[in-house]
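Asker: Below are the sequence and a predicted model; questions follow.
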Amino acid sequence: MKIALVGGIFGRDAALRSKHVVTPETVLLDGFQKAGVDVHAIGHAQFEPSDDYDIVHVHHFGKAAVKMAASNTRSRFVFTGHNGLIVTGYEKSWARRSSFRYVVDKSDAFVALSQAEARFFENHGAAGKVHCIPNGIPPEMFRVNANEGGEIVKRTDKERFDILYVGQLIDWKGVNFLLEAMQKVRQRHNVHLRLVYHNAEREREYKQMVQELGIAQAVEFVGILGPSELAREYYLADLLVLPSFADCLPSVVTESLLSGTPVVAGGVCGVPEQLDKYGLAIPPGNVPALVDAIETIIRDQAKYQALASEMRDYAENKYKPATMVEGHLALYRQLLADSRSKSLRKSYWMDPIVRMGISAYWGRGNRNHGAVKK
């Protein structure tokens, strides 16, 4: 079995890849290589459909996904969208919604990251090809918080309550609502927020916002961090807040739980099932609900500290990289063994038009080939 594993991270420069060593694509690549699988890692911009591959698995919606969907190769096409914008209805572009649907329709199999995402696509025309395989996260990356006995020990001698955000400074992540909530929480509690991010699109706007809200002393704009630095951030934090409007199964939630740190997050798609009892899901954009959730964690801080070891065990068991790798290999074997899968990728009258559109759109130098997301 020869696999083409296609993802945005594989086309990025070495400096950025060094900051993103744990992504779904890299976890799969590492697992496949350890299993002795013939796997080839390819960036979206570099990918070309080919009969040389038995399986082509594309992560994220971008050039390679559309190109593979429009191809007529014999390879089985597996697609993982990682796209909460589609599932939550936050995607406003008709062209992107239609293109995404085209890719799903032309795939042999669609990998959903949660039961909620699987139900969405099964109810929107993809029944029979949806497979739920949650992303795995290597727990050893987040074990800076374990003492010699192997138990998680969270600090209890602090006067300040430390809140962490890890993600992107973009519209649908809801950071502006977090900043508003910080102003209100600070009126009753000694809290501090650190923002860790690799996409600074709205950094200037948010820095201006913290000045206007009068909370500049309580908010730090950290920027991008490497894996060991990020692991330390999770450990030192008392709470991770991810007020997102559109996530499928955010890795940062699993990473926080692996560090024994509870989470407050937008209750979209697979997030509630991901949190289990180790955090609180809130309606995105609802500042009073966000304030209440943060203050609930503050009041129940001792309870969550006592749950830290159990929290880590839960995340390690539910989101094992080995389970993720085994699930994908089983899916690939099923596709190759099931002759019925040949009929799933029918030729569409629009395929030649799509191929021309790919050349026209990405030929202009558009660099949105795939994403490295948190």
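Answerer: Perfect, thanks for sending it. Residues are numbered from 1 along each chain as shown.
Asker: Only C-alpha atoms from now on, for both contacts and neighbour counts.
Answerer: Fine.
Asker: All the strands of the stretch 1-150 of the chain, residue numbers only.
Answerer: 2-6, 38-42, 55-59, 76-80, 109-112, 130-132 (DSSP state E, counting those that start in this stretch).
Asker: I'd like those strands laid out as JSON lines, including mean neighbour count and distance to Asp238.
Answerer: Formatted as JSON lines, those follow (neighbours: other CA atoms under 10 Å; distance: least, CA to CA, whole Å):
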{"stretch": "strand 2-6", "mean neighbour count": "21", "distance to Asp238": "36"}
{"stretch": "strand 38-42", "mean neighbour count": "17", "distance to Asp238": "37"}
{"stretch": "strand 55-59", "mean neighbour count": "27", "distance to Asp238": "32"}
{"stretch": "strand 76-80", "mean neighbour count": "26", "distance to Asp238": "32"}
{"stretch": "strand 109-112", "mean neighbour count": "26", "distance to Asp238": "30"}
{"stretch": "strand 130-132", "mean neighbour count": "20", "distance to Asp238": "31"}
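Asker: Please convert those to JSON lines, extending it with mean pLDDT.
Answerer: Below are these laid out as JSON lines (pLDDT from 0 to 100):
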{"stretch": "strand 2-6", "mean pLDDT": "96"}
{"stretch": "strand 38-42", "mean pLDDT": "95"}
{"stretch": "strand 55-59", "mean pLDDT": "97"}
{"stretch": "strand 76-80", "mean pLDDT": "96"}
{"stretch": "strand 109-112", "mean pLDDT": "96"}
{"stretch": "strand 130-132", "mean pLDDT": "97"}
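Asker: a markdown table please, covering these and showing distance to Asp338.
Answerer: Converted to a markdown table, the strands of the stretch 1-150 of the chain look like this (distance: least, CA to CA, whole Å):
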| stretch | distance to Asp338 |
| --- | --- |
| strand 2-6 | 17 |
| strand 38-42 | 21 |
| strand 55-59 | 13 |
| strand 76-80 | 11 |
| strand 109-112 | 12 |
| strand 130-132 | 15 |
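Asker: Out of these, flag the one nearest Ala69.
Answerer: When the strands of the stretch 1-150 of the chain are compared by CA to CA, strand 76-80 sits nearest Ala69, at 7.7 Å.
Asker: List the strands paired with that closest one, with their directions.
Answerer: strand 55-59 (parallel), strand 109-112 (parallel) (DSSP bridges).
Asker: Show me the contact partners of the longest one.
Answerer: Contacts made with strand 55-59 from outside it, assessed by CA atoms under 8 Å, 6 or more residues apart in numbering, are listed as 1-8, 25, 64-65, 75-82, 332, 370.
Asker: angle of it against strand 38-42?
Answerer: 40 degrees (axes from the mean of the first three to the mean of the last three CA atoms, to 10 degrees).
Asker: May I have strand 55-59 exported as PDB, CA atoms only?
Answerer: What follows is strand 55-59 as a C-alpha-only set of coordinates in PDB (Å, rounded to 0.1, in the frame of the first residue of the first chain):
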ATOM      1  CA  ILE A  55      -4.400   6.100  -1.300                       C
ATOM      2  CA  VAL A  56      -4.300   9.900  -1.500                       C
ATOM      3  CA  HIS A  57      -5.300  11.400   1.900                       C
ATOM      4  CA  VAL A  58      -5.700  15.200   1.800                       C
ATOM      5  CA  HIS A  59      -6.000  17.200   5.000                       C
END
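Asker: mind listing the strands for the stretch 201-350 of the chain?
Answerer: 219-223, 239-242, 263-266, 279-282.
Asker: Adding mean neighbour count, distance to Phe110 and mean pLDDT as columns, could you present those strands in JSON lines?
Answerer: Below are these laid out as JSON lines (neighbours: other CA atoms under 10 Å; distance: least, CA to CA, whole Å; pLDDT from 0 to 100):
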{"stretch": "strand 219-223", "mean neighbour count": "16", "distance to Phe110": "33", "mean pLDDT": "96"}
{"stretch": "strand 239-242", "mean neighbour count": "26", "distance to Phe110": "26", "mean pLDDT": "98"}
{"stretch": "strand 263-266", "mean neighbour count": "26", "distance to Phe110": "24", "mean pLDDT": "97"}
{"stretch": "strand 279-282", "mean neighbour count": "22", "distance to Phe110": "26", "mean pLDDT": "97"}
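Asker: now His189, what's its secondary structure?
Answerer: coil (DSSP: H, G, I helix; E, B strand; the rest coil).
Asker: what's the burial count for it?
Answerer: Around His189 there are 14 other residues, counting by other CA atoms under 10 Å.
Asker: where's Lys173 relative to Ile42, distance?
Answerer: 28 Å (CA to CA, to the nearest Å).
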